[in-house]
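Enquirer: quick one, fold the following:
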Amino acid sequence: MAFSELLDQVGSVGRFQVLQTVALVVPIMWLTTHNMIENFSAAEPSHRCWLPLLDNGTAQTTVPGALDPEALLAVSIPPGPNQGPHQCRRFRQPQWQLLDPNATATNWSETATEPCLDGWVYDHGTFTSTIVTQWDLVCDSRALKPMSQSIYLTGMLVGAAVCGHASDRWLAESARWLLITGRLERGLQELRRVAAINGKRAVGDTLTKEVLHSAMREELSSGQAPASLSTLLRTPGLRLRTYVCTLCWFAFGFTFYGLALDLQALGSNVFLLQVLLGVVDFPAKTGTLLLLRRLGRRPSQAASLVLAGLCILANMLVPREMGALRSALAVLGLGGVGAAFTCVTIYSGELFPTVLRMTAVGLGQMASRAGGILAPLIRLLGIYSPSLPLLVYGVVPVLSGLAALLLPETQSLPLPDTIEDVQKQTAKKVARSIPEHWVLKSTQL
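Expert: Coordinates of the predicted model:
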């Protein structure tokens, strides 16, 4: 009797597993909501320099003649890159000559402008107040917004490392892992608790150490060797899996947080885009579970990352005037990122043996959070080219998806319990890859 059969007896899918899932999903839902709220609390509305001629009632009395606000704006602020009023510069002195219908942009020079010394005027039509408008995180201070997001995500990483041990007090440990690492008494208690919660207390009462020894004789005899993070990096059968799997985790965190925390860069209507993301996310993850069964783990992981990257790269070529197309590509790209998360969560658990599974998954999650910390800072590259951040966000998942093709397929294979199981799988793969050669032996008659 193997451990899988033992688990079926105490209930492999029952009330215990449902409670465990709920205990994990509920906090994650609140955390995701807190992350996405920055699209609204940190939104950057349209803005321009504060102007005495327009925004100071007493100064308007010195304006010659009766000029409308548009004319006053034209003589006070130069045109910006998007042909609208510049968001960060103003004329040192009103350029009255620009009121001439025959005037051109060559009638003024860059030296005639200056930064917004008196502050900014914001458009409060969509967002009445954000941290950007409250603290003037625009123009020369624009870098403070992605830096604050990066610091916030760094706090999440530190909190996960510090509070992770505290969560072990109420989150049940894997009985398989406890048994393989030699903690028979603790593993026996966990199995009996699972049986009791799943309504199979009688089965739990029949479990003894002798039954566990019989069920896991092979695993207990070969799984006593100490395993650590260094084992993942120095073991030949695990090294490639560790590097590629960690890269896929990094690509997910890097791409997701790079895009999801700045939806304004992907579409004009942030509210509609947020709703579409919520609507698409559930069917994307559900459909991914079906693809994992039909296509397998490796092609699904590669396809989801490559699709996300290609949608991001395609968005670079779409003009901002085509807001609907940009939003559609953004939703499709983030849907691919969500699918990639589902794939890497399941796939990484199947690639590593039980004694190192949580270590490998924890390393991947750390890489994902590191990618999230780096992602907002990539937006600072926008000062060189507006398309440069999207280029980086698109290239990383594409390369990671192609690297995922180097991983072995794990569909319909039993979970490896020990390092020796992984090495046996690797040896079988190498043996199948060696072509058989026909040898013609000549004998003399």
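Enquirer: now the strand or helix carrying L307 - C-alpha only, CSV.
Expert: According to DSSP states H and E, L307 maps onto helix 297-316. In CSV, the C-alpha atoms belonging to helix 297-316 read as follows (Å, rounded to 0.1, in the frame of the first residue of the first chain):
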residue,chain,number,x,y,z
ARG,A,297,2.1,21.1,-18.1
ARG,A,298,5.1,22.2,-20.2
PRO,A,299,3.3,23.5,-23.4
SER,A,300,0.7,25.2,-21.2
GLN,A,301,3.3,27.0,-19.2
ALA,A,302,5.3,28.1,-22.2
ALA,A,303,2.2,29.2,-24.2
SER,A,304,0.7,31.3,-21.4
LEU,A,305,3.9,33.2,-20.8
VAL,A,306,4.6,33.7,-24.5
LEU,A,307,1.0,34.8,-25.2
ALA,A,308,1.2,37.4,-22.4
GLY,A,309,4.5,38.8,-23.7
LEU,A,310,3.4,39.0,-27.3
CYS,A,311,0.2,40.9,-26.3
ILE,A,312,2.3,43.4,-24.3
LEU,A,313,4.7,43.9,-27.3
ALA,A,314,1.8,44.3,-29.6
ASN,A,315,0.4,47.1,-27.4
MET,A,316,3.6,49.1,-28.1
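Enquirer: report the buried residues of it.
Expert: 297-316 (16 or more other CB atoms under 10 Å). No exception for glycine: its C-beta is placed from N, CA and C like everyone else's.
Enquirer: how distant is the helix or strand that that helix is followed by from the center of its chain?
Expert: Sequence order places helix 323-351 as the next helix or strand after helix 297-316, per DSSP H and E. In this view, helix 323-351 has its centroid 9 Å away from the chain centroid, taken as CA atoms, centre = their mean, to the nearest Å.
Enquirer: packing partners for helix 323-351?
Expert: The elements that helix 323-351 packs onto, with contact taken as 3 or more CB pairs under 8 Å, 6 or more residues apart in numbering; DSSP states H and E, are helix 236-260, helix 270-294, helix 297-316, helix 354-378, helix 388-403.
Enquirer: and the angle for that helix with helix 388-403?
Expert: Counting by axes from the mean of the first three to the mean of the last three CA atoms, to 10 degrees, helix 323-351 lies at 40 degrees to helix 388-403.
Enquirer: lowest average confidence, helix or strand, in this structure?
Expert: helix 217-222 (a mean of 59; mean pLDDT, DSSP states H and E).
Enquirer: that one: what's the following helix or strand?
Expert: Next element after helix 217-222 (DSSP H and E): helix 229-234.
Enquirer: for that following helix, give the mean pLDDT please.
Expert: For helix 229-234, mean pLDDT is 81.
Enquirer: surely V422 touches V355?
Expert: No: applying CB atoms under 8 Å as the test, V422 and V355 come out as separate, 10.3 Å apart.
Enquirer: can I get stretch 115-126 in PDB? Just the C-alpha atoms.
Expert: Provided in PDB are the C-alpha atoms of stretch 115-126 (Å, rounded to 0.1, in the frame of the first residue of the first chain):
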ATOM      1  CA  PRO A 115       9.300  74.400 -14.600                       C
ATOM      2  CA  CYS A 116       6.000  74.700 -12.700                       C
ATOM      3  CA  LEU A 117       7.400  76.900  -9.900                       C
ATOM      4  CA  ASP A 118       4.000  77.600  -8.300                       C
ATOM      5  CA  GLY A 119       2.500  74.100  -8.400                       C
ATOM      6  CA  TRP A 120       0.000  72.400 -10.600                       C
ATOM      7  CA  VAL A 121      -3.700  72.400 -11.500                       C
ATOM      8  CA  TYR A 122      -5.300  69.000 -11.700                       C
ATOM      9  CA  ASP A 123      -8.300  67.700 -13.600                       C
ATOM     10  CA  HIS A 124     -10.600  66.400 -10.900                       C
ATOM     11  CA  GLY A 125     -13.300  65.200 -13.300                       C
ATOM     12  CA  THR A 126     -12.400  61.500 -12.800                       C
END
